[in-house]
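Q: I need the structure of the sequence given here:
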Amino acid sequence: MNNKNQEGLLLESLRKIAPGTELGLGMEYILQGKTGGLIVIGDSEEVLKLVNGGFYIGCGFSPTKFYELAKMDGAIILSSDGRRILYANTHLFPNPEIKTTETGTRHRTAERVAKQTNTLVISISQKRDVITVYKGNIRYMLEEPRVVLAKANQALQTLEKYKEGLDGLTFNLTVRELEDLVTLFDVCSVLQRSSIVQKTEKEVKKYIYELGDDGRLLSMQTEELMANVANDSINIVTDYNHPDNKSEPSQIMEKVNTLSADELLDLNRIAHILGYKTVGNLKESTLQPRGVRILSDVRRLPQSIIINLIDKFGNLKSILDASIDELSEVAGMGKIRANSLYDRLKKYSEYYLYNEPYNRGGISPKIKV
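A: Predicted coordinates for the structure are as follows:
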């Protein structure tokens, strides 16, 4: 299972048991009561084959019922959606040959059941007041909300810093596109930073899901920061993907996002994913954008018209140099829409090339580098 799938499974699991959910409240009662517990959230045939003894309950889930049943020894089996309590006081017999790093009986059983059935299993320690989550090969230990909140705030600050750097690089890329000075180094640098930002967002989201209701404010801040980041990166890939690379832009960006932290530092790897064979100084490889990102940013044109514009003119520079009459000849444009696009492109260029309202990348957009 790749890292993306593991991250998705972990986030999904944390969402199910987060504070504010019925299951989260029930687990809090168990911690406070210091009874401990072993909970399996899943009623597949593979899970039920491991169940022996205990009592069939078959009632709707409630935190208080859940807590009372946890006072008995053995495991509690819930339905896959967590809405029904199926069995209590049961014994689980997973394959003893499955490797486990745990030492306690309850935790060893939990890890083996999770690995054997790929089901969400939760072990609540009676003595240490610790909740450990297992799902397949995933093992994740929940921490106290105050600790999680502190880590979440720190991660959010890191995300803000990285996003600020991405904004600066994107600003400078736009300037270079308008001046027809783009290099492969510029493109790969933006995609590198965009991937770092998206990876950091996943880290913040993990804490947000773990916080549950207490993470709503952090969630709103994260959504505001991440607005259009993923779409912009895909548009950049669309603009600069090598013509011989037939992969979809979303697939190409996904390959960039799956690079490890060390691999991401090598811009040549990103260039290769885009389909370029260049090695060495990427600043010497000049490129021309097709214009998808800027056209999408300047005016909300239908995707079909953007494609028609690029098919007719070939690249952004030719679109910028086109007259209103030439623009109006594009299928789907018409005179009114062409006039509007022409004016907006001029204002857009003036804004980036002359006004310089902000520039976080450390390079003045007025200077041709």
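Q: How about the biggest strand by length in the chain, which residues are buried there?
A: Assignment by DSSP state E gives strand 84-92 as the longest strand of the chain. The neighbour-count check on strand 84-92 (16 or more other Cβ atoms under 10 Å) flags Ile85, Leu86, Tyr87, Ala88, Asn89, Thr90, Leu92 as buried. All C-beta spots, glycine's among them, are computed from the backbone N, C-alpha and C.
Q: Just the pLDDT for the fourth one.
A: What it means is Ala88. We note a pLDDT of 95 for Ala88 in this prediction.
Q: can you give me how far the longest helix anywhere in the chain is from the chain middle?
A: Secondary structure of the chain per DSSP state H: the longest helix is helix 145-178. Remark: helix 145-178 is offset 14 Å from the chain centroid, using Cα atoms, centre = their mean, to the nearest Å.
Q: elements contacting that helix?
A: Using 3 or more Cβ pairs under 8 Å, 6 or more residues apart in numbering; DSSP states H and E as the contact definition, the elements that helix 145-178 packs against are helix 184-211, helix 216-225, helix 229-240, helix 292-298.
Q: how about TSV for the ones you listed, with distance to Cys59, mean neighbour count and mean pLDDT added?
A: Output for the helices and strands packed on helix 145-178, formatted as TSV (distance: least, Cβ to Cβ, whole Å; neighbours: other Cβ atoms under 10 Å; pLDDT from 0 to 100):
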stretch	distance to Cys59	mean neighbour count	mean pLDDT
helix 184-211	27	22	94
helix 216-225	31	14	93
helix 229-240	43	21	95
helix 292-298	53	21	90
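Q: Can you lay out those helices as a markdown table showing distance to Asp73?
A: A markdown table is the format used below for these (distance: least, Cβ to Cβ, whole Å):
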| stretch | distance to Asp73 |
| --- | --- |
| helix 184-211 | 28 |
| helix 216-225 | 37 |
| helix 229-240 | 48 |
| helix 292-298 | 60 |
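Q: Looking at those helices, which is nearest to Thr100?
A: helix 184-211 (23.6 Å; Cβ to Cβ).
Q: Who are the packing partners of that closest one?
A: Short answer (3+ Cβ pairs under 8 Å, 6+ apart): helix 184-211 packs on helix 3-17, helix 145-178, helix 216-225, helix 229-240, helix 249-257, helix 261-264, helix 267-273.
Q: repeat that for 6 Å
A: With contacts defined as 3 or more Cβ pairs under 6 Å, 6 or more residues apart in numbering; DSSP states H and E, helix 184-211 has these neighbours: helix 3-17, helix 145-178, helix 216-225, helix 229-240, helix 249-257, helix 267-273.
Q: Just want the angle from it to helix 216-225.
A: On the basis of axes from the mean of the first three to the mean of the last three Cα atoms, to 10 degrees, helix 184-211 is oriented at 160 degrees to helix 216-225.
Q: Rounded mean pLDDT for the longest helix of the chain, please.
A: 93.
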